[in-house]
Structure formats: C-alpha cells, structure tokens
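In: Take a look and give me a structure for this.
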Amino acid sequence: MIVNTPKNAVKMDSQGLDYTLRPKSWQEYVGQAKIKKTLEVMIAAARQRKEPLDHLLFYGNPGLGKTTLSNIIAKEMNVNILTTSGPNLRHGGDMASILTNLNPGDILFIDEIHRMNKVCEEIIYPVMEDYTLHLVVGKGPTAQTMQIALPPFTLIGATTKMAMLSPPLRSRFGAILQLNPYTHSEMQEIITKSAKALNVCIDQQAIDSIAKCSRSTPRIANHILKRVRDFAQVHNANNIDYKITTTALECLEIDNMGLATEDRKILNTLIKNFDGGPIGIKTLSAATKEEEESILDIYEPYLIQIGFLERTPKGRKATKMAYQYLGLEYREPKGPTLL
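Out: Residues are numbered from 1 along each chain as shown. Sure, this is the predicted structure:
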C-alpha cells in the first residue's frame, strides 16, 4: 500500500534503517512474551469487530523494540503506518497536516512522544477521543474555530521518559506497555537470527560473547554484530568465531560487561577522585567532561542496572561491585558532595 505522506511523517518500508534486522512478524519477534500476548488478543478482537486498534503507548529504554512492535502491529492489522517523532511536531499545522493525511484504520506512530510541543499535544486530545480535529483560523476578534472529522485511526506513542508525559495525554491511551531488558538466552536467539539475516556464519562462543556485552538490548547487539562482521571480512575469516569477536571488541573498547570507555571513565572518576561518592550530578559531569543529560540518559541507567552505581538522596556513589570490577580495594563512601 502506498500513501502520500506529509513532510514530517514517512511511511515505514523495507528500505528503512536497519530494517533487514527488524523482525517482521510475531514468529520472528523474540522476547517480551507478555506484551506480545496482550497485543495479539487486542489485534484479534479489533479485527473481529472491524475497528481500529485502541491507542497504545510503549515505554522503555532505547533499542528494545518499540518501533519494531509498531510495524508488526501495522502488518497484522493490514494497514498503513506513518511515522514521525515528537521533536518534529513543533506547530499546530504540523500535527494538522499529518492527521488530515490519515486514511481509515491507519496507524500514526510518534517516537519520543514526550518531546512533542505542548500546542500539538493539546490538539491531539479530542482527536484521540472522538477523532475530531479542532483548529482555530485567524487571529483576534475574527478568529473562528473549525471542526474537521477524521477517520478512525490508531495512535501509537513511544517514549523513553514516561514521567515526562502529561497525565491528560497518558490517560487517553487504551493500553500502556513497558518493554523490559532481554534475557541472555533471548539475546543469543536475536543474534543468531540477525547473523542469518546478514548471511554470515557465527559460532556459539561468538554469539555468547556478543550477547554478554550487548546490555540486554537488541539494537546494541546488532550494531556490535555488524562491526564484528566487518573485522571478519577484513581479516578474510570465513566465519565469526570467538577469536575474531574478541579482537573486534578490544578494538571497540567494549568489555564483557558491555561497558565502553565512557562508562569506565565515570566509575574511575567517582572512585579515584571522590572516594566512591556520593557526589552530585553536576560535580560528576564537570569531572568527567560529559554532559549531564548524557550521564542521566546514556550511562547511568545501565550502570545502575548492573549494580555498579547507586543513586541516593546525597548523590551518586559507586558500589562494592564496581570496586571489584575495576580491581580496586573497597572503601566506605565518605560525606556527600551535592553540587
């Protein structure tokens, strides 16, 4: 199916970024069993009633499969999917142009929906409830309100920051589903499938090694697999084995815990410069020369997840596991540095 899309939205197709590694059906999709079961029931019920699927909100860390799920849903419902992102929706006209291009049953996917402009957010409230677009035409005393009836459609939002969504917007979604990190066995299965899609041979030791350093995230695993494939190709290796994988990971400076140079720099700074903390985010940012947002959104969540970092009311502090990982003698944290 082909649709004419506005400039701020694009139709997802087989030429999209990394699409060759994206699962295209429930059978290919690995993990998130509870979410898959819920969605399968919702889709079956909607198709029986010949109605659009209820509005959905996916949230979780980047790379866990929110976009992939949305595309599978569109395929299962046999409808078009238009995709855009919150930062692209700056004005009411942006939202109106996308909404008026939707056909009955279409899916509108908004990535990073928490970054959508407040004006666009308020426009979409009545649209989600009764498929009516309210527009104000003109300014001042001559301004008039127009109501445009829209065909029934499904809005799927994706966010990495659930708390930044306003309560009125959250309450309008029929189902809110959280994507969780993948297990080690699930990561192994994903890497195996990705290697097959890339038409490369890979042994079990290499699969296990990549799975361990993938941070339980399919996107990271696929990126690492591609880089390892590059090393194998340049070294004229017929298949990806443990040796070539180890060589590639060493060059990429990724260890078997999935930590990169920046992660280790944060831990070393915290322990060696500040006796393990606790210290405030501003101090940590200044000491590591990393932006606060980068620490909060990229590095800190995983360090907390694996038990190397602890966030306390007094600030961030390194755990005993972090000391052991770096091969350092553990010391009890001292007083706080809050700034």
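In: Can you give me the distance of I191 to K320?
Out: 31 Å (C-beta to C-beta, to the nearest Å). C-beta here means a position set from N, CA and C on the backbone, and glycine is covered the same way.
In: Which one's more surrounded, these two?
Out: Summary of the neighbour comparison: I191 and K320, criterion other C-beta atoms under 10 Å, with I191 having more neighbours (26 against 13).
In: quick one: that one is in a helix?
Out: Yes - applying DSSP: H, G, I helix; E, B strand; the rest coil, one finds I191 inside a helix.
In: Give me the secondary structure label for the residue nearest the centre of the chain.
Out: With distances taken as C-alpha atoms, centre = their mean, the residue of the chain nearest its centroid is P62 (2.4 Å). Here P62 is coil, with the state taken from three-state DSSP.
In: Find the nearest non-adjacent residue to it, please.
Out: In space, and not counting its chain neighbours, P62 is closest to T160: 5.6 Å by C-beta to C-beta, 6 or more residues apart in numbering.
In: Give me the pLDDT for that neighbour.
Out: At T160, the predicted lDDT confidence score is 91.
In: heads up, I number from 861, so please use that
Out: Yes, from this point I'll number from 861; that puts the last item at T1020.
In: Can you get me a residue count around it?
Out: Considering only other C-beta under 10 Å, T1020 is surrounded by 19 other residues.
In: who's in contact with it?
Out: By C-beta atoms under 8 Å, 6 or more residues apart in numbering, the contact list for T1020 reads Y919, G920, N921, P922, E972, H974, D1157.
In: and which of those is nearest Q1064?
Out: Taking C-beta to C-beta as the measure, N921 is the one of the contacts of T1020 closest to Q1064, at 26.8 Å.
In: quick one: that closest one from N1040, how far?
Out: For N921, the distance to N1040 (C-beta to C-beta) stands at 9 Å.
In: what about those two, which has more around it?
Out: In this view N921 and N1040 are compared by other C-beta under 10 Å, and N921 has more residues nearby, 18 against 13.
In: S1054 versus that one, what's the distance?
Out: N921 sits 19 Å away from S1054, going by C-beta to C-beta.
In: hmm, back to that, make sure the residue nearest to the centre of the chain is actually in contact with R1079.
Out: Yes - applying C-beta atoms under 8 Å as the test, P922 and R1079 come out as touching, 7.0 Å apart.
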